[in-house]
Each structure stands twice: as structure tokens, then as C-alpha cells.
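J.: model this:
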Amino acid sequence: MSQFIVSARKYRPDTFRSVVGQLSITDTLKNSISSDKLAHAYLFCGPRGVGKTTCARIFAKTINCTNVKNGEACNECESCLSFNKGTSMNIHEMDAASNNSVEDIRQLIDQVRILPQMGQYSVYIIDEVHMLSSQAFNAFLKTLEEPPKHAIFIMATTEKHKILPTILSRCQIFDFNRIKVADIAEHLKYVAESESIQYEPDALHVIANKADGGMRDALSIFDQIASFSSGNITYQSVVENLNVLDDDYFFQLSEAVFTANVSQALLILENILSRGFEGGPILDGLASHFRHILVSKDVQTIQLIEASENIQQRFAESASKMETAFIFDALTIINEFELSYKSSQNKRLHIELCLIKLSNIKAEQEKFELLKKKLA
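T.: Just a heads-up that it's a prediction; the model follows:
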């Protein structure tokens, strides 16, 4: 049996150009390498799974490459080859989550004094640096402020606010963003095609949305769905496996309340609740759905919807049917019911009342217009 390698490892970027969704950061790092203007300490911060440690490793490899071209490592020199094999003596990684004591930092400080055996720099990557104790941070301060010329520190964290200001002031800080849904979906498409896995574009967008801006999470979910669906990733298989609320439910609900079909709206709600979904996500999803319909009113703003072209087209069709006034009133009502949802005693009745009120919008608007005419 061949050894399976998870996609998050197999397709981990090994060059700056292959990093997804962090162009401004990778360009800055490449420029600093090309111009030979390297700082002694860097702090990479941002959500999990967005490329902090990956960029730290690529950066560490590239600054020791003997044949750098346009800020990228050659992957051919002795330094690059030893890094790719995991045998480089110039790059040291430390997990601060499990090595967070003063003694661990003192050992690191002693190691920093040793000159690199190959290349120009010894690079120390400290992951989850916010986990260091206050005493460990204080012990690290002097070395971080005045390290040997051959030493470069790259620290990564998901919680920058936990790091001492005295540490922050000694680092160049790079804030990594959540990766856009479209960028994640495009990368998943590349992985699927590389692995000869059949897929539906809408299915990849659902996975990308579920990952919440993290590429590692997206690839883990991708592997899970690929196994579940036997290599044929369909929209339905993703929705079933991840137990996410299908957009189709919200299209049906919005159509039912727009046509004042209360009975149909309550039946759709019953179907959703029977699948085990709570009322909070239903109201939140309904609010997002009407927001998407509103932005679909204008061709220029429809790009604000992070969804596949097929779903965007469905929102555009809904927007062409609904008046802007109806959408505004619907958003106002849903927002009011969301705010009062937690304090309600009967959660189901609370959502049902929301749907009934949404179904009554057009009748209320007509009454208001008649009253205006009488008063005119």
C-alpha cells in the first residue's frame, strides 16, 4: 500500500510565487532579499493556516541560497537541496507551545552563538511565540536586540496581542490576511486536477467558505470530502458531509416570503430544523442571503459576494425580482429578530414569527401607500 500524504503537506508552497493570497508580503520579502536589506528579527502574525510558517521556511531557505534569482531560491544549490531534504544545519525550528521556559530560551541563546556551517545565516524560526512565558520573553530580549550578524529570527503567532511591546518594537511585523474564498477555490481546483479528482466548482466554493480564510483547513476538508465521495467531489456530497446549510434553502425561503407564501416558508423551516440546525445560524444565513441579493442589484457590487459564478447568477435573478424597499425591510426585520433571539424562550416560534413578518412586508407596504394617498 502506497503511503498517503495529506494535501496540506504535499502541496505546501516551496517558493514565494506558490504562496496563495499573501502577495504584498511575499513581494516585500523578495525585495528585501534582492536588495540585501535583511532585518535581524521578523514577526509573522495572522490567523491559522494562512502561510506564516510556510513563508518563514521559504524565507529562511532563500536567504541562504547561493543562486537567488528575482528573490526566489534556485532549489538546485547545496543549501537549497539540504533544506528540501530536511537536513539543513542552518535553519532551526522551535515550537514555543512546548518549549516555553527560560531554560529553553537560554539553550536557544547558546545555540545562536555558533556560526553557520554552510551559507551566510543561521535562521531561527519560533512558532507560536506568544506561548513563551514572561520570564522567557525577558531572557530573549537582549539577544533579540543585539544578535550576532549571522543570526536571523523569524517568529510566528496567531495572537500578536499577547506578545510584549518590547518584543514587538524589535521586529519587522508582517500581518497575514485571511485568504479570499476565490483564491482558495482556485487552489483547490489546481489540487483536484493534479490528483485527477472530479469536482464541481460550486462544491469547491463551499469548502473554501467553510475554511474561513485558512488554506490548511481548506485542504484538510478537501481530503475528507475526496475520501467520502470516492474521488468525485459534488456540491451535494460537500453539503451532506460538512452538514452546512445549502444556499438552495435560503433561495426557497426568500422566494416564499417574497410571494407571501407563509405555509411554504414554515415547511422549509421545518425541513431545515429536522436536519439538526439551530435557529441562530438560520437567521444569520437568511440575513447574509438578503444582503447578497441587495449587492446583486448592481453589476459593480455583485463581485462582493464570495461565491461561484453559478450562485452569483442566482442572486442576480432574485435581485431582478425583488424591489429594493422589500430587501431593506427584510434586512431590518431579520436584524431585529437576530438581536432578540438569545433572550427568546421559544426559539422555534421566534424564527416562525420572523418568517411570518417577512411574508407580510408587501402587504404592509401597500397599506402604507394607500394611507399616503388618503392623506395627500
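J.: Show me where the stretch 1-150 of the chain dips below the pLDDT cut-off.
T.: Across the stretch 1-150 of the chain, residues meeting the criterion (pLDDT under 70) sit at 1-3.
J.: Going along the chain, name the strands of it.
T.: Per DSSP state E, counting those that start in this stretch, the stretch 1-150 of the chain carries strands over the ranges 41-45, 91-95, 122-127.
J.: Including mean neighbour count and distance to Met155, could those strands go into TSV?
T.: Backbone N, C-alpha and C define where each C-beta goes, glycine included. Putting these into TSV (neighbours: other CB atoms under 10 Å; distance: least, CB to CB, whole Å) gives the following:
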stretch	mean neighbour count	distance to Met155
strand 41-45	23	5
strand 91-95	18	10
strand 122-127	23	5
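J.: Can you get me a residue count around Phe137?
T.: Around Phe137 sit 19 other residues, with neighbours defined as other CB atoms under 10 Å.
J.: swap in Ser296?
T.: Close neighbours of Ser296, defined as other CB under 10 Å, add up to 23.
J.: Please apply the same query to Ile333.
T.: The tally of other residues near Ile333 (other CB under 10 Å) stands at 21.
J.: does it sit in a helix or strand, and which one?
T.: Ile333 is part of helix 324-341 when elements are defined by DSSP states H and E.
J.: so what does the helix or strand following that helix touch, helix or strand wise?
T.: Elements were assigned by DSSP H and E; along the chain past helix 324-341, the next helix or strand is helix 347-359. Helix 347-359 is packed against helix 247-258, helix 262-274, helix 279-295, helix 324-341, with contacts defined by 3 or more CB pairs under 8 Å, 6 or more residues apart in numbering; DSSP states H and E.
J.: quick one: contacts of the first one?
T.: The list of residues contacting helix 247-258 from outside it, by CB atoms under 8 Å, 6 or more residues apart in numbering, reads 262, 264-265, 268-269, 271-272, 285-286, 289-290, 293, 307, 311, 314, 318, 321-322, 326, 330, 355, 358-359, 361-362.
J.: Going by neighbour count, list what's buried in it.
T.: Neighbour counts using 16 or more other CB atoms under 10 Å place Asp247, Tyr249, Phe250, Phe251, Gln252, Leu253, Ser254, Glu255, Ala256, Val257, Phe258 of helix 247-258 among the buried residues.
J.: picking up where we left off before, now tabulate the strands of the stretch 1-150 of the chain in a markdown table and tack on distance to Glu72.
T.: Formatted as a markdown table, the entries for the strands of the stretch 1-150 of the chain read as follows, by distance: least, CB to CB, whole Å:
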| stretch | distance to Glu72 |
| --- | --- |
| strand 41-45 | 18 |
| strand 91-95 | 17 |
| strand 122-127 | 17 |
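J.: Figure out which of these is closest to Phe140.
T.: Distances from Phe140 to each of the strands of the stretch 1-150 of the chain were compared using CB to CB; the shortest belongs to strand 122-127, at 8.9 Å.
J.: What strands flank the closest one, and is each parallel or antiparallel?
T.: Sheet partners assigned to strand 122-127 using DSSP bridges are listed as strand 91-95 (parallel), strand 151-157 (parallel).
J.: Out of the ones you listed, flag the one nearest Tyr199.
T.: Across the strands paired with strand 122-127, closest to Tyr199 is strand 151-157 (CB to CB), at 31.5 Å.
J.: now the angle from the closest one to strand 41-45?
T.: For strand 151-157 and strand 41-45, the angle between their directions (axes from the mean of the first three to the mean of the last three CA atoms, to 10 degrees) works out to 20 degrees.
J.: how distant is strand 151-157 from the center of its chain?
T.: The chain centroid and the centroid of strand 151-157 are separated by 23 Å, computed with CA atoms, centre = their mean, to the nearest Å.
J.: after it comes which helix or strand?
T.: For strand 151-157, the succeeding helix or strand toward the C-terminus, using DSSP H and E, is helix 165-168.
J.: of all the buried residues of helix 247-258, which comes closest to Thr157?
T.: Closest approach between these and Thr157, by CB to CB: Asp247, at 35.2 Å.
J.: ok, so what distance separates that closest one from Asn67?
T.: Asp247 is 49 Å from Asn67, where distance means CB to CB, to the nearest Å.
J.: what does Ala319 give?
T.: Distance, Ala319 to Asn67, using CB to CB: 54 Å.
J.: Can you pick out the residue with more neighbours from those two?
T.: Ala319 (19 against 12).
J.: Report the spatially closest residue to that one, excluding sequence-adjacent ones.
T.: Taking CB to CB, 6 or more residues apart in numbering as the measure, Ala319 lies nearest to Ser296, with 3.9 Å between them; neighbours along the chain are not counted.
J.: Is the one you found in contact with Gln312, as I believe?
T.: Yes: taking CB atoms under 8 Å as the contact criterion, Ser296 and Gln312 are neighbours in contact, 7.2 Å apart.
J.: Give me the common contacts of those two.
T.: In the contact map built from CB under 8 Å, 6+ apart, the residues linked to both Ser296 and Gln312 are Ile302, Ile305.
J.: just to revisit the earlier point, which pLDDT value goes with the residue nearest to Ala319?
T.: On the pLDDT scale, Ser296 is placed at 91.
J.: Same question for the one 10 residues further on.
T.: Note for Glu306: predicted pLDDT of 80.
J.: Now it: phi and psi?
T.: Glu306 has phi and psi values of phi -90, psi 80 when expressed as degrees, to the nearest 10.
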